[in-house]
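Chemist: compute the structure for the input listed below.
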Amino acid sequence: MTSRDILRFVRLTENGREPSRESSKAAGLDLYSALDTTVPAKEKRLIPTDLQIKLPDGCYGRIAARCELALAHQIDIGGEVIDQDYHGNISVINITIQILRLLFLAVIALRNLFAKKFINLH
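Modeler: Numbering: from 1, shown residues only. All right, here's what the predicted structure looks like:
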């Protein structure tokens, strides 16, 4: 295991729940709401995880809804990218079609940064 395989995190409050992996071959880590909250139908809410993370060098975080959760509860996730230099409370923009009580939020996966330099071709 290299340092690129490790996602370091800090619980900001006792409500911050450690990310978990649904299976050994899951693409990402599950994130959980720090609040016991309900999102009304057709609304967006910024839901905190009460976690602060340190992404591995050369990576950014990508937040997405789990397919089965999105289908079963008709939700979508907004604000999907976490930059490597962001050190605040990780929050998820949850968009609902129907009323939803939130405990599980989304999945975070690490992605490699591809472009290190930009060149203007004109």
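
Chemist: okay, and for this structure, where does confidence drop off?
Modeler: 1, 3-4, 69, 98-105, 112-120, 122 (pLDDT under 70).

Chemist: please, where are all the helices along this protein?
Modeler: 67-73 (DSSP state H).

Chemist: let me see the ranges of the strands in it.
Modeler: Under the criterion DSSP state E, the chain contains strands at 8-11, 29-39, 44-48, 51-54, 59-64, 75-78, 81-82, 91-96, 100-112.

Chemist: I'd say Glu22 and Asp30 touch.
Modeler: Yes - contact criterion CB atoms under 8 Å: Glu22 and Asp30 qualify, at 6.1 Å. In short, each C-beta sits where N, CA and C put it, glycine included.

Chemist: report the set of residues contacting both of the two.
Modeler: Common contacts of Glu22 and Asp30 (CB atoms under 8 Å, 6 or more residues apart in numbering): Arg66.

Chemist: okay, these two: which has more neighbours?
Modeler: Higher neighbour count among Glu22 and Asp30: Asp30, with 18 against 13, using other CB atoms under 10 Å.

Chemist: the closest residue to that one other than its chain neighbours: how many residues sit nearby?
Modeler: Nearest residue to Asp30 in three dimensions, chain neighbours excluded: Ser20, at 5.1 Å (CB to CB, 6 or more residues apart in numbering). Other residues near Ser20 come to 11 when the count uses other CB under 10 Å.
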